[in-house]
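*Asks:* Please work out how this folds:
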Amino acid sequence: MRIIIVEDEPVTRMDIRCMLEDAGFEVLDEGKDGFDAINLCKTHQPDLVLMDINMPNLDGISAARIIRRDGLSKCVVLLTAYSDDVFIEGAKNVGVFGYVVKPVDEKSLIPALKIAYAKSLETTDTEDKLDEATKRLEERKIIEKAKGFLMQSEGLDENTAYQKMRSLSMEKSCSLRIISEMLLMRANKGE
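*Replies:* Residues are numbered from 1 along each chain as shown. You can find the predicted model right below:
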């Protein structure tokens, strides 16, 4: 697992780096505030970002929100000395995969990171499947709308309209979606 550590305390950062490297993780880089976190993610595209919440300039929750929103890392785990509900709610709302309370030791940190990363992969897989299903549904709607246009404009039944679209798709060596979009452009022009 490729990790970035973002922690404003140099000694804590060094201790965490040693724990992670001893456990076989690759520490790509380190930062000291939320801006570093974002820039390091853009540079390295880490598998996981381990980040403190309370940091100067840009806090960890705000940085996590940007990292998750922009897809800069699949997994963010927050590291903090605070276990207050306010911080926990903030972390939940930005989509982090873990929340580790300081002080940390290797026995608790390593399993927490492994589980968080595994969950992030499951979530990414689910999100990818949802995106694919959404695209297929959108494509299906476009094809159905174009088929309806052909049925109405040329007086064809549904099967004949669909076969005409498929034949045109094969003849022109382009997808059924592109044929459908062209038909719909024609429909919008009133042809």
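
*Asks:* On the pLDDT front, check residue 99 for me.
*Replies:* Reading off the confidence values, residue 99 has pLDDT 93.

*Asks:* hang on, I meant residue 122
*Replies:* 89.

*Asks:* ditto for the one 5 residues further on
*Replies:* What the model reports for residue 127 is a pLDDT of 80.

*Asks:* buried sites along stretch 17-28?
*Replies:* 17, 19-20, 25, 27-28 (16 or more other Cβ atoms under 10 Å). For the C-beta atoms, the positions are set from N, CA and C on the backbone; glycine is no exception.

*Asks:* how about CSV for these, with secondary structure added?
*Replies:* Listed next are the buried residues of stretch 17-28 as CSV, based on DSSP: H, G, I helix; E, B strand; the rest coil:
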residue, secondary structure
17, helix
19, helix
20, helix
25, coil
27, strand
28, strand
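
*Asks:* and the two most separated of those?
*Replies:* Farthest-apart pair in those is 19 and 28; separation 15.4 Å (Cβ to Cβ).

*Asks:* okay, which residue is most central for the protein?
*Replies:* Nearest to the mean C-alpha position of the chain, by Cα atoms, centre = their mean, lies residue 71 at 4.5 Å.

*Asks:* Please state the offset of whichever strand or helix holds residue 140 from the chain centre?
*Replies:* Using DSSP states H and E, the secondary-structure element containing residue 140 is helix 106-154. Offset of helix 106-154 from its chain centre (Cα atoms, centre = their mean, to the nearest Å): 11 Å.

*Asks:* For the lowest-mean-pLDDT helix or strand in the chain, buried residues please.
*Replies:* Least confident helix or strand of the chain, by mean pLDDT, DSSP states H and E, is helix 85-94 with a mean of 84. Residues of helix 85-94 classed as buried by neighbour count (16+ other Cβ under 10 Å): 87, 90-91, 94.
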